[in-house]
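J.: 3D, please:
(2 chains)
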Protein chains: 2
Amino acid sequence: MSFQKLALIGIGLIGSSIALGVRAEGLAGHVAITTRRAETLKQAEALGLGDSYTLDAAEAVRDADLVIICAPVLAYEAIMDEIAGSLKPGAILSDVGSVKGHVLKVLGARTPEGVHLVPGHPIAGTEHSGPAAGFASLFHNRWCVLTPAAGCDPEAVAGLTGFWRALGSKVEAMDAGHHDLVLAITSHVPHLIAYNIVGTVDDLETATRSEVIKFSASGFRDFTRIAASDPVMWRDVFLTNREAVLEMLGRFTEDLSVLQRAVRAGDGKTLEALFSRTREIRRSIINAGQETAAPDFGRPHDETGSE
Amino acid sequence: MSFQKLALIGIGLIGSSIALGVRAEGLAGHVAITTRRAETLKQAEALGLGDSYTLDAAEAVRDADLVIICAPVLAYEAIMDEIAGSLKPGAILSDVGSVKGHVLKVLGARTPEGVHLVPGHPIAGTEHSGPAAGFASLFHNRWCVLTPAAGCDPEAVAGLTGFWRALGSKVEAMDAGHHDLVLAITSHVPHLIAYNIVGTVDDLETATRSEVIKFSASGFRDFTRIAASDPVMWRDVFLTNREAVLEMLGRFTEDLSVLQRAVRAGDGKTLEALFSRTREIRRSIINAGQETAAPDFGRPHDETGSE
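T.: Residues are numbered from 1 along each chain as shown, chains lettered A, B, ... in the order given. The predicted model follows:
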């Protein structure tokens, strides 16, 4: 379950949380950190997240038995161009991207013989980004989905499974396409909708806009948290999971048209019926241990409230 | 700032929070509680929320110098039929409804001469409902908007302002129509969207649906909280604030079409530009003291996470 050398390519919220979790649990002899921007690397070094720091990704992965790409998905091709020749035979190559079909295709085509490709997606995060945003408990009790390529070495999958379990995660293997469809509705479409409504507010006439901010403790606040997530990471999600996002977005907008018509027609029966059955879904999520039952997410109520 | 007798008509999340706040701050000599359902009244009595309990609303408001309706908006007409003849001259009549234009019209037409009508809307709440859901700090540092009728006695407005300030709120008077437009985008449309996407998930094929619940820690969870709010209260909001909701919903869906087109066209520039400017809005809300800056709302991260 322990690796001699772990290379983290990218050191944002997820990369830094892995680094801190690995240190806390003693999961690697050496943690090499590499990232594209010198400024970010300096920040990681100042935070003491790893054992070595370099802008040269090839150097970072040399002799590593576990390499995890923690960068926006559209950066993977350039990263592979840099590292493919330096990957150690027998090493596990993984990532943390929110889209898996595209990743499997891009990395699959570029992974050298003898390197075990096991893409992964820890379903965890906050709206904050950057190396200072990480914390070791981010993955505790959260799912990590692995989408190994067909014919992948079972020992490599077991090794990576053990790694994520040691970080506190629950692990499940899944078909990449199915992962992308499920995440489209649990994550990608909700983010698109949240970004969209916050954009709608941003476009309001100045007077109304400032009052919206003033009186925002009413549902809208929750959307702004989601819409504060990393822009580049999310741009890449929508560019690489287009079909599943459009499919789920299509269902959403169809349903919204029905609801809009009910509002226009004053059809209280349709509205109340929907509003009643949606409560059940939240109950299921709380029962599945995926959410806190505390009112208002347990937000501190002396400073902030909601609705 | 203190009232001899306060009558609360309806004792759900808001009514019970007022009752607890009034007790904590010593704002009324006597709190009379009335509600439509005997079972709810019994629950309120068992919780010790007031000083007297009755199913007879007329009896509850008799001699009260402050009457606050804390019921779904479409119940107001029937309530006024019961209480109008028993309201004490000089009393303040108020409410806590999320829609104010409709309320001003319905209550205005039924308020007897000599009674001061000052509708109100505490912008505070959680997704929980019922008499056991209330807590005294719910209104702390939250806005309460008052929408007095034209020509309303300034002393009555001042009295109710003092009452809400004593409960911990910030108070502002506003035109009812403007309130309804601002709340349509900060609260009503976000609720409609949240109800809608949770409904979309509920309609998914069984296998996918169960995985959505399992892997829901990813944005969708936040929507389910909003979509767990009281169904009848929200039905009434959409039936009584139709024009403003349709106006804001129209803007939202127009914007969403543009975004959908950008996803389909692979237009990363448009996506990234929107995703970047939405972060600013959240910063404004946090700076306005309307939201916690803690990551993920300060959700307990050992049990639950997000994204």
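
J.: would you map the helices across chain A?
T.: Assigned by DSSP state H, the helices in chain A fall at A:13-25, A:38-46, A:57-61, A:76-83, A:101-110, A:154-166, A:176-183, A:189-202, A:206-214, A:220-226, A:231-240, A:242-265, A:268-287.

J.: hey, which of those is tucked in deepest?
T.: Per residue and on average, the most neighbours among the helices of chain A fall to helix A:220-226, with a mean of 27 (mean count of other Cβ atoms under 10 Å in any protein chain shown). Every C-beta, even on glycine, is put in place using the N, C-alpha and C of the backbone.

J.: counting contacts, what elements does it pack onto?
T.: Judged by 3 or more Cβ pairs under 8 Å, 6 or more residues apart in numbering or on different chains; DSSP states H and E, helix A:220-226 is in contact with helix A:189-202, helix B:189-202, helix B:220-226, helix B:268-287.

J.: related to what we said a few turns ago, turn the helices of chain A into TSV, including mean pLDDT.
T.: Below are the helices of chain A laid out as TSV (pLDDT from 0 to 100):
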stretch	mean pLDDT
helix A:13-25	97
helix A:38-46	98
helix A:57-61	98
helix A:76-83	98
helix A:101-110	97
helix A:154-166	97
helix A:176-183	95
helix A:189-202	93
helix A:206-214	85
helix A:220-226	87
helix A:231-240	95
helix A:242-265	96
helix A:268-287	90
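
J.: dump the helices and strands packed on helix A:220-226 into a markdown table; add distance to residue B:74 as well.
T.: Putting the helices and strands packed on helix A:220-226 into a markdown table (distance: least, Cβ to Cβ, whole Å) gives the following:
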| stretch | distance to residue B:74 |
| --- | --- |
| helix A:189-202 | 26 |
| helix B:189-202 | 16 |
| helix B:220-226 | 21 |
| helix B:268-287 | 31 |
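
J.: in the stretch 101-250 of chain A, which residue sits nearest chain B?
T.: Residue nearest to chain B within the stretch 101-250 of chain A (Cβ to the nearest Cβ): residue A:125, separated by 2.9 Å.

J.: what count of nearby residues applies to that residue?
T.: Residue neighbour count, defined by other Cβ atoms under 10 Å in any protein chain shown, stands at 29 for residue A:125.

J.: give me phi/psi at it?
T.: Note on residue A:125: backbone dihedrals following degrees, to the nearest 10 are phi 160, psi 180.

J.: to residue B:84, which of the helices of chain A lies closest?
T.: For residue B:84, the closest of these is helix A:268-287, at 24.8 Å, according to Cβ to Cβ.

J.: and the closest one, what does it pack against?
T.: Taking 3+ Cβ pairs under 8 Å, 6+ apart as the contact cut, helix A:268-287 packs with helix A:242-265, helix B:189-202, helix B:206-214, helix B:220-226, helix B:231-240.

J.: closest to residue B:110 out of these?
T.: From the helices and strands packed on helix A:268-287, taking Cβ to Cβ, the stretch that ends up closest is helix B:231-240, at 15.4 Å.

J.: name the helices or strands packed onto that closest one?
T.: By 3+ Cβ pairs under 8 Å, 6+ apart, helix B:231-240 packs against helix A:242-265, helix A:268-287, helix B:101-108, helix B:189-202.

J.: re earlier: okay, the helices and strands packed on helix A:268-287 in CSV with distance to residue A:217 next?
T.: Below are those laid out as CSV (distance: least, Cβ to Cβ, whole Å):
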stretch, distance to residue A:217
helix A:242-265, 23
helix B:189-202, 12
helix B:206-214, 28
helix B:220-226, 13
helix B:231-240, 16
